[in-house]
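Asker: Let me see the structure of the following:
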Amino acid sequence: MSSFVFQTAPQIVCAQGAALRLHELAQSFGAKHVFFVTDRGVLNAGIAAGPLAALQRADIQATVFSDVQADPPEAVVLQAVEAARAAGADMVIGFGGGSSMDTAKLVALLARTPQQLGAIYGIGLAAGPRLPLVQVPTTAGTGSEVTPISIVTTPTAEKKGVVTPLLLPDAAVLDSLLTLGVPPAVTAMTGVDAMVHAIESFTSRHKKNAISDALAVKALQLLYANLREVVSAGASPGARENMLLGSMLAGMAFANAPVAAVHALAYPLGGHYHLPHGLSNSLMLAVTLRFNLSHATAEYAALGRAILPALATSPDAEAAESFVQAITDIVGEMPYAQSLGEAGVPRDALPLLAGDAMKQQRLLVNNPREVTPGDALHLYEAAF
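Answerer: Residues are numbered from 1 along each chain as shown. Model prediction:
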């Protein structure tokens, strides 16, 4: 067996209503004052009211920071860090989507161990320790609750990552009841985002291992089997829970066997045009799968057999082709823009996007097929 290291969050709590017991986790860390990181949409929807009330009943003070923005800009992250320091918080809770959880990670780190954010972009450059950190996802997509990565948008519209085990939370809380009111389009975007995590982890050229593979396969099975139901009206709590679990498993997988070209191509779309991350990934997924097919035939065949039992005895080439088509089809059914043009990206911006995508070498080196600048431009053109 190949040598590898696998890391994830040390504690995972998965139960309907688990978010109402956040005070118990806070008490286990001896916390008296938590810094609660979320966004205004989540706060205004009332999703956080129950957990905040439970903290108050347990005599745990909570300072709420709700100014998180999608693709969190550096300035907002640093504003949150200063607010946590000023409050004297001794624990951080990230409550929301990936942007809230990514912001919470950096708040927990920088409020405890001050350092320049710009100096720690990259892998293993941050210093610790950090404050205790608990993550509570309210969407089933990013898997940020179990990853050692925080993605930030720089003043030059680049998306850069801080990657360090210090960012792995102390606990992840999965409560599917928090996701019941998520609108169909957001449910779809985040669900496809999670599928991308599973697929790219399984085909990653670096750090792919037996544990990440098993998690990626199980994640994709859960996500593919439940995505259509949760996007439609009247999804069951069970289907929502399956999506949340699939998203987390995919997060565990790609935290250890990292993502690749789909993400590298998606990041400039978020940085320049503020497209939601899940939508950006979705727009680039089908064309990138087709691009990679010749170099990932065995892996795509295995994933195809995992989600489509009828492919059990099919040759690799047939199973891989069927897999690419199945993913293309399900993405095409989702209730949002299906092309870059439809999403509002101008055609004359494609060379700029391709140039920015090529800066994401941290991700591109993991792709099963080398991506050249010409390839990047071609992929954007194919997605247009």
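Asker: Tell me, please, where in this structure the pLDDT is lower than the cut-off.
Answerer: Across the chain, the ranges flagged by pLDDT under 70 are 1, 234.
Asker: quick one, domains of it?
Answerer: 12-179, 184-383 (automatic domain parsing).
Asker: First-to-last residue distance for the last one?
Answerer: According to C-alpha to C-alpha, to the nearest Å, domain 184-383 extends 23 Å from its N-terminal end residue to its C-terminal end residue.
Asker: next one: the first one
Answerer: With C-alpha to C-alpha applied, domain 12-179 spans 17 Å between its terminal residues.
Asker: Please give the centre-to-centre distance between it and its chain.
Answerer: Taking C-alpha atoms, centre = their mean, to the nearest Å, one finds domain 12-179 lying 14 Å from the centre of the chain it belongs to.
Asker: Which strands and helices lie in contact with the helix or strand hosting residue 186?
Answerer: Secondary structure assigned from DSSP states H and E places residue 186 in helix 184-202. Helix 184-202 sits against helix 210-231, helix 237-256, helix 261-273, helix 277-292, helix 297-307, helix 316-332, with contacts defined as 3 or more C-beta pairs under 8 Å, 6 or more residues apart in numbering; DSSP states H and E. (Glycine included, C-beta is placed from N, CA and C.)
Asker: how about those helices, which one is nearest residue 59?
Answerer: When the helices and strands packed on helix 184-202 are compared for distance to residue 59 using C-beta to C-beta, the nearest one is helix 237-256, at 29.8 Å.
Asker: what angle sits between that closest one and helix 184-202?
Answerer: Going by axes from the mean of the first three to the mean of the last three C-alpha atoms, to 10 degrees, helix 237-256 is angled at 40 degrees with respect to helix 184-202.
Asker: Show me what counts as buried in helix 237-256.
Answerer: Neighbour-count burial for helix 237-256, counted by 16 or more other C-beta atoms under 10 Å, picks out 239-256.
Asker: go on, stretch 143-155?
Answerer: Under the neighbour-count criterion of 16+ other C-beta under 10 Å, stretch 143-155 has 143-153 buried.
Asker: okay, these in a markdown table with distance to residue 215 next?
Answerer: Below are these laid out as a markdown table (distance: C-beta to C-beta, whole Å):
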| residue | distance to residue 215 |
| --- | --- |
| 143 | 10 |
| 144 | 16 |
| 145 | 14 |
| 146 | 10 |
| 147 | 12 |
| 148 | 15 |
| 149 | 16 |
| 150 | 21 |
| 151 | 21 |
| 152 | 26 |
| 153 | 28 |
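Asker: Mind telling me the two of those farthest from one another?
Answerer: 146 and 153 (22.3 Å).
Asker: Not counting residues beside it along the chain, what's closest to residue 30?
Answerer: With sequence-adjacent residues excluded and distances taken as C-beta to C-beta, 6 or more residues apart in numbering, residue 30 is closest to residue 90, at 7.6 Å.
Asker: any idea whether the most centrally placed residue in the chain is helix, strand or coil?
Answerer: Centroid-nearest residue in the chain, with C-alpha atoms, centre = their mean: residue 142, separated by 2.0 Å. State at residue 142, reduced to three classes by DSSP: H, G, I helix; E, B strand; the rest coil: coil.
Asker: which ones are touching it?
Answerer: Residue 142 makes contact with 97-98, 101-102, 190, 193-194, 247, 251, 277, according to C-beta atoms under 8 Å, 6 or more residues apart in numbering.
Asker: Now do it against residue 80, distance only.
Answerer: In this view, residue 142 and residue 80 are 18 Å apart by C-beta to C-beta, to the nearest Å.
Asker: Quick one: list the elements packing against the host helix or strand of residue 99.
Answerer: Following DSSP H and E, the helix or strand that holds residue 99 is helix 98-112. Judged by 3+ C-beta pairs under 8 Å, 6+ apart, the packing partners of helix 98-112 are strand 33-37, helix 74-87, strand 91-96, strand 133-137, strand 149-153, strand 159-163.
Asker: Residue 88 reaches residue 33, doesn't it?
Answerer: Yes: if you go by C-beta atoms under 8 Å, residue 88 and residue 33 touch, sitting 6.0 Å apart.
Asker: More neighbours: which of those two?
Answerer: The neighbour comparison of residue 88 against residue 33 (other C-beta atoms under 10 Å) goes to residue 33, with 16 against 12.
Asker: Pull the contacting residues for the spatially most distant residue from the centre of the chain.
Answerer: No residue in the chain sits farther from the centre than residue 313, which is 33.1 Å out by C-alpha atoms, centre = their mean. With contact set as C-beta under 8 Å, 6+ apart, residue 313 has no partners.
Asker: Could you check how far it is from residue 305?
Answerer: 9 Å.
Asker: go on, residue 89?
Answerer: Relative to residue 305, residue 89 is positioned 48 Å away (C-beta to C-beta).
Asker: quick one, which of those two is more surrounded?
Answerer: residue 89 (26 against 20).
Asker: phi, psi of the more buried one?
Answerer: Main-chain dihedrals, residue 89, degrees, to the nearest 10: phi -70, psi 140.
Asker: Find the nearest non-adjacent residue to it, please.
Answerer: For residue 89, the closest residue by C-beta to C-beta, 6+ apart turns out to be residue 35, at 3.7 Å.
Asker: Likewise for residue 31?
Answerer: With C-beta to C-beta, 6+ apart, the residue lying closest to residue 31 is residue 91, at 3.7 Å.
Asker: now swap in residue 220 and tell me
Answerer: Using C-beta to C-beta, 6+ apart and skipping residues adjacent in sequence, the residue nearest residue 220 is residue 198, 4.1 Å away.
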